[in-house]
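Visitor: 3D, please:
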Amino acid sequence: MAVIEVKHLTKEYRLGTMQGLKQKLLHTAARLTGKKTEERPLFKALDDVSFSIEQGEVVGIIGHNGAGKSTLLKMLARSSTPTHGTATVNGRIAPLIEVGAGFVPDFTGRENVYLNGAILGMSRREIDKKFDEIVDFAEMEEFIDTPVKRYSSGMQVKLAFAVATSIEAEILIVDEVLAVGDLAFQRKCFDRMEDLINSENKTVLVVSHNLRQIERLCKRVLLIDHGKIVADGEPKAVCNRMFEEMDSKIASQIKQNSKSKSGRAISDGSIELVDISLIDSNGKTTNTLTMGSSATLKIRYLVHQSLMEPIFGIGIHTSDFIYLTTEQSYGHLKVDVIEPGIHELKFIIRAIPLLPGVYSFRLGIAGGKSGGALFYKDNALHFQITANSISRAWNATSDEGFFALDAEWVISHQASMPVEQ
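Guide: I've put the predicted structure just below:
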């Protein structure tokens, strides 16, 4: 039985509807006298969306910013009404959409727990029963009788998340709330969500830009683009489609902003980056490499003063700054001194093990004797990895992660079972 049934759901907004009283009166008078008034265009946040969700399903909703994800959740949580179509929900909903939105700054944490719980549909008896559990989960025992206006934003969200996830509801609607607090608390929130999903058989809708989190939590994923559902299926296949779209967008941005100076940069003034380029196995400058191919990174530095025993470092990170690997010249390249002038450094990669995607090089130089950082830059050069045999949208396990291991498989047959002693 479907607990959520969405049929031809459409939500329209008229752009630029915020007007002053004078403008409203003039437009009203014009309409009453039969004069035509200039109407702003309609924007469809949702455009004829239809789907159903069964009891116990965990469904992820992904898409670019402004695609219509949060609008859809608000329709389901009944905090907004559709322009056309219907959204039928059978069961009690716990909406974790704007956690903490109902907190009153002058009230204490204790008072806000009861207020927020009531807003979310909990009775006083329910809140009394779960109060200690809420405070303990939020790690707020020491501050629970302190006015919320003295809380940090992280403390407020932690308490609000604890309240929202304590509701005994059949359906959870979660919108970007698993990244609250510090890393330890984020882990705690993620574990709470997994426990609610696995042990209580709740129906859960999760909106997040963290695709790896969506893949782990969900059994099904909807991809929304400009108000329409463009994909609905197995998490890995749908998330990989989103990854490919993002990779293409990033690659396009790289071409348009090839001279961009974005990225963290540190320098003591003794050395500066003149040029960096990537050379493929055919000797051509490129920003696209084939997985498994060889390549050479050429870097030209302008040295302003003598560098004694410098150590070079080169690393690779993803577009969202996950550091994948770092190689240092220490033990491989010994340089006693580099005199002032322009010098070229080559970093030869024998085989690129990276799976298809968009990545960036980061560079660093340290003084061998001083040990201090002389130069550092991330996002120094973007590049894309492609592969003829592997696609991010290919539904198989071999394209998970970032690296392909250089390995082989061997299986052998044992003639007899070992005898137990």
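Visitor: Next, the contact list for M155, please.
Guide: 138, 140, 143 (Cβ atoms under 8 Å, 6 or more residues apart in numbering). (Each C-beta comes from the backbone N, C-alpha and C, glycine too.)
Visitor: Then E168?
Guide: With contact set as Cβ under 8 Å, 6+ apart, E168 has these partners: 92, 126.
Visitor: Quick check: phi and psi at K149.
Guide: Dihedral pair for K149: phi -60, psi -10, per degrees, to the nearest 10.
Visitor: residues contacting the closest residue to it other than its chain neighbours?
Guide: Once flanking residues are discounted, K149 sits nearest to P105: 3.7 Å by Cβ to Cβ, 6 or more residues apart in numbering. Applying Cβ under 8 Å, 6+ apart to P105 gives the contacts 147-149.
Visitor: hmm, back to that, with respect to G292, which of the contacts of M155 is nearest?
Guide: Of all those, A138 has the smallest distance to G292: 48.8 Å, by Cβ to Cβ.
Visitor: burial of that closest one, as a residue count?
Guide: Per other Cβ atoms under 10 Å, the neighbour tally for A138 reads 24.
Visitor: repeat for the one 4 residues further on
Guide: Using other Cβ under 10 Å, E142 has 8 neighbouring residues.
Visitor: quick one on the thing from earlier: three-state assignment of the residue nearest to K149?
Guide: Classification of P105 by DSSP: H, G, I helix; E, B strand; the rest coil places it in coil.
Visitor: what does Y114 give?
Guide: Y114 ends up helix, using three-state DSSP.
Visitor: ok, I279 touching T285?
Guide: Yes: between I279 and T285 a contact is recorded at 6.0 Å, counting by Cβ atoms under 8 Å.
Visitor: Who has more neighbours out of these two?
Guide: For I279 versus T285, neighbours defined as other Cβ under 10 Å are more numerous around I279 (17 against 9).
Visitor: what about that one, which helix or strand?
Guide: Assigned by DSSP states H and E, I279 falls within strand 271-280.
Visitor: Quick check: buried residues in that strand?
Guide: 271, 273, 276, 278-280 (16 or more other Cβ atoms under 10 Å).
Visitor: Looking at these, which one is closest to K346?
Guide: I279 (8.8 Å).
Visitor: Can you show me the CA trace of the longest helix anywhere in the chain as CSV?
Guide: In the chain, taking DSSP state H as the definition, the longest helix is helix 235-256. Once non-C-alpha atoms are left out, helix 235-256 reads as follows in CSV (Å, rounded to 0.1, in the frame of the first residue of the first chain):
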residue,chain,number,x,y,z
PRO,A,235,20.5,4.7,-5.9
LYS,A,236,23.8,4.0,-7.5
ALA,A,237,22.6,4.4,-11.1
VAL,A,238,20.7,7.7,-10.3
CYS,A,239,23.5,9.1,-8.2
ASN,A,240,26.0,8.3,-10.9
ARG,A,241,23.9,10.2,-13.4
MET,A,242,24.0,13.2,-11.1
PHE,A,243,27.8,12.7,-10.7
GLU,A,244,28.2,12.7,-14.5
GLU,A,245,26.1,15.8,-14.9
MET,A,246,28.2,17.6,-12.2
ASP,A,247,31.4,16.4,-13.8
SER,A,248,30.3,17.8,-17.2
LYS,A,249,29.3,21.1,-15.6
ILE,A,250,32.6,21.4,-13.7
ALA,A,251,34.5,20.6,-16.9
SER,A,252,32.6,23.3,-18.8
GLN,A,253,33.3,25.8,-16.0
ILE,A,254,37.0,24.9,-16.2
LYS,A,255,37.1,25.7,-19.9
GLN,A,256,35.3,29.0,-19.4
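Visitor: Report how many residues lie close to R220.
Guide: Residues near R220, counting by other Cβ under 10 Å, number 16.
Visitor: same deal with the one 5 residues further on?
Guide: Close neighbours of D225, defined as other Cβ under 10 Å, add up to 15.
Visitor: returning to that earlier point: ok, of the contacts of M155, which one's closest to E408?
Guide: A138 (50.3 Å).
Visitor: check contacts around the closest one.
Guide: Counting by Cβ under 8 Å, 6+ apart, A138 has contacts 155, 158-159, 161-162.
Visitor: Adding secondary structure as columns, could you present these in JSON lines?
Guide: Below are those laid out as JSON lines (three-state DSSP):
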{"residue": "M155", "secondary structure": "helix"}
{"residue": "K158", "secondary structure": "helix"}
{"residue": "L159", "secondary structure": "helix"}
{"residue": "F161", "secondary structure": "helix"}
{"residue": "A162", "secondary structure": "helix"}
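Visitor: who wins for most neighbours among those residues?
Guide: L159 (29 neighbours).
Visitor: So it is in contact with L115, correct?
Guide: No: counting by Cβ under 8 Å, L159 does not reach L115; the two are 11.5 Å apart.
Visitor: By mean pLDDT, which helix or strand of the protein comes out lowest?
Guide: Here the helix or strand of the chain ranked lowest by mean pLDDT, DSSP states H and E is helix 21-32, holding a mean of 64.
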